[in-house]
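**Q** Could you work out the structure for the sequence below:
(one chain, ligands or ions: 1)
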Amino acid sequence: MGFVNLLTMAKRFTGIIAILLLLRLTTASASHEFCDARMGYNVVGCGGSDSSSRRILIKGGTVVNAHHQEVADVYIDDGIIADVKPNIMVGDEVTVIDATGKFVMPGGIDPHTHLEMEFMGTDSTETIDDFFSGQAAALAGGTTMHIDFVMPVNGSLSLGFKAYVEKAKKSCMDYGFHMTITKWDDTVAREMEIMVKEKGINSFKFFLAYKGIVMINDELLLEGLKKCKSLGALAMVHAENGDAVFEGQKRMIELGITGPEGHALSRPPLLEAEATARAIRLAGFINTPLYIVHVMSIDAMEEIAKARKLGQRVVGEPVVSGLVLNDSGLWDPDFNIAAKQGLISFPFSSFLVLLFLSLWSLL
Ligand SMILES: [Zn+2]
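**A** As a prediction, this is how the structure comes out:
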């Protein structure tokens, strides 16, 4: 459930500047309009691509970049922005999109999505959006690329990759893959090498939480960090102390607290901070960069800020839902509302301080 909520929030907001998106000044567009306009390539979900989509001129819009804005044309050749300047002349073979009176601005990259994901490897719970519906929603919100996490199949990275290539055939925009590591052994280590060298995946997520399911201990995390370093890949961690979370869950059950509020009470921010600090120090010990996914607590953020100030290559991932929501929804007397609004791992925290810290320490 948490992943669904996270995704629903995350995909509606932009992240890092990427490629140009034609932003309408009117209200949100329906997904099919993006297909009609042939935005993106590999538009299988839109009914296939054709050669006329390879050269596009976006004409007469106000081009907005980080440093300035100007009325100009944007010429795109086979998915690459080839020129940005006023009055570009093209032949009949180029598809011209009139952007007069509209902004033409960079789209966003959402670096953390879980489309059509079988939660915890089971087929009983699956995230609600697939590679078409999720991408269509993202496009409507201004995100033009995303990076999804491939889940291994029975621990096999190759089988997981194959399954996700299949799922992604519905795609209507650009995407990339991270790989989630759900167990650790020599086969996984070998397959990581194949993913990097042959499949274009160069970031791997390790779980310090979800004890007994996908959690790895420090010994195996060190192995994973070393492997990432040797491959030039980026190590990512879900940083919560899984042993302590398990203890917290047992405590909640003993106290008879079995509603959604028990989720937050069982995994307080200090457990996120502990795992974040530990992962940062172990990555520092191995001397490899570290990316910490969905940072939610102030304590964890302070650990990241401290490490960055000391010059360590650590990235904390802010999550929009974490910046604008807190965990109060978990206490809603209506179970459906409580479960829908607040169940996410890590739990939401105090958003105002998070916002301040994220702006000054992370971004
Ligand atoms: Zn995730």
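**Q** show me where the stretch 101-250 of the chain has helices.
**A** Along the stretch 101-250 of the chain, the segments classed as helices by DSSP state H, counting those that start in this stretch run 133-141, 157-167, 186-198, 218-231, 242-254.
**Q** Now do the third one and helix 218-231, the angle between them.
**A** Interaxial angle of helix 186-198 relative to helix 218-231 (axes from the mean of the first three to the mean of the last three CA atoms, to 10 degrees): 30 degrees.
**Q** Please save the CA atoms from stretch 284-297 in CSV.
**A** Only the C-alpha atoms of stretch 284-297 are listed here, as CSV (Å, rounded to 0.1, in the frame of the first residue of the first chain):
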residue,chain,number,x,y,z
GLY,A,284,32.5,5.7,3.5
PHE,A,285,34.5,2.7,4.8
ILE,A,286,34.4,1.1,1.4
ASN,A,287,34.8,4.5,-0.2
THR,A,288,31.9,4.2,-2.7
PRO,A,289,29.0,6.7,-3.3
LEU,A,290,25.7,6.1,-1.7
TYR,A,291,22.1,7.0,-2.6
ILE,A,292,19.6,6.8,0.2
VAL,A,293,16.0,6.4,-1.1
HIS,A,294,13.0,8.2,0.2
VAL,A,295,14.4,10.1,3.2
MET,A,296,11.6,10.8,5.5
SER,A,297,12.9,11.8,8.9
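**Q** buried residues in it?
**A** For stretch 284-297, the neighbour count (16 or more other CB atoms under 10 Å) marks Gly284, Ile286, Thr288, Pro289, Leu290, Tyr291, Ile292, Val293, His294, Val295, Met296, Ser297 as buried. Using the backbone N, CA and C atoms, a C-beta is placed for each residue, glycine as well.
**Q** Could you verify that the first one is part of a helix?
**A** Yes. Counting by DSSP: H, G, I helix; E, B strand; the rest coil, Gly284 is found in a helix.
**Q** Relative to Leu222, how far out is it?
**A** Relative to Leu222, Gly284 is positioned 12 Å away (CB to CB, to the nearest Å).
**Q** can you tell which of the helices of the stretch 101-250 of the chain is closest to Asp110?
**A** Nearest to Asp110, of all the helices of the stretch 101-250 of the chain, is helix 133-141, at 6.4 Å by CB to CB.
**Q** Run through the neighbouring helices and strands of that closest one.
**A** Contacts defined by 3 or more CB pairs under 8 Å, 6 or more residues apart in numbering; DSSP states H and E place helix 133-141 against helix 31-36, strand 143-150.
**Q** No further questions, thank you.
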